[in-house]
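A.B. asks: need a structure here:
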Amino acid sequence: LGVDYVLLQNPSQLRPSVVPWTDMVFSEIAAELLKKGFTNPADAWDLFERFTGVRGSVDSGVLMAALRELGFGTGSTMATLTQKEVDYLVSSCDVYGSGD
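C.D. replies: As a prediction, the model looks like this:
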């Protein structure tokens, strides 16, 4: 999952066609990253790197942990996503099917 896509919604490579709700969720994630002071992809990666380790990749487990850190989930006014939905978000950005 490219952090540049989440923050800027401007992927360096095209991603497969996906259902429309994914862009709304990525917009909510980007808004929360900006509220927390992450103004560029390199800074935003710091949040994800806490869960991946250095040079790790963002899989659905990492994204779910980062979403909780950002305040998504039960009791939030933001999207509450199931594991299956998080899996779909990650796979929608995985152009090569590599899991990275």
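A.B. asks: for this protein, what's the longest helix?
C.D. replies: As assigned by DSSP state H, the longest helix anywhere in the chain is helix 21-35.
A.B. asks: mind listing what's buried along the helix or strand just after that one?
C.D. replies: For helix 21-35, the following helix or strand on the C-terminal side (DSSP states H and E) is helix 41-52. By 16 or more other CB atoms under 10 Å, the buried positions in helix 41-52 come out as P41, A44, W45, L47, F48, E49, F51, T52. In short, each C-beta sits where N, CA and C put it, glycine included.
A.B. asks: pLDDT at K35, what is it?
C.D. replies: pLDDT for K35: 88.
A.B. asks: ok, back up a step: and the two most separated of the buried residues of helix 41-52?
C.D. replies: Largest separation among the buried residues of helix 41-52 by CB to CB: P41 and F51, giving 16.1 Å.
A.B. asks: other residues contacting stretch 45-53?
C.D. replies: The contact list for stretch 45-53 (CB atoms under 8 Å, 6 or more residues apart in numbering) reads V3, L33, K36, F38, G56, V58, G61, V62, A65, A66, E69, L70.
A.B. asks: recalculate using a threshold of 7 Å.
C.D. replies: V3, F38, G56, V58, V62, A65, A66, E69 (CB atoms under 7 Å, 6 or more residues apart in numbering).
A.B. asks: filter these down to the buried ones.
C.D. replies: By neighbour count, with 16+ other CB under 10 Å, the contacts of stretch 45-53 hold V3, F38, V58, V62, A65, A66 as buried.
A.B. asks: closest one of the residues you listed to C93?
C.D. replies: Using CB to CB, V58 comes nearest to C93 of the buried ones among the contacts of stretch 45-53, at 8.6 Å.
A.B. asks: output the below-cut-off pLDDT ranges for the chain.
C.D. replies: Scanning the chain for pLDDT under 70 picks out 1-19, 53-55, 74, 76-79, 95-100.
A.B. asks: ok, now with 80
C.D. replies: Counting by pLDDT under 80, the ranges of the chain that qualify are 1-21, 41-42, 45-58, 73-80, 93-100.
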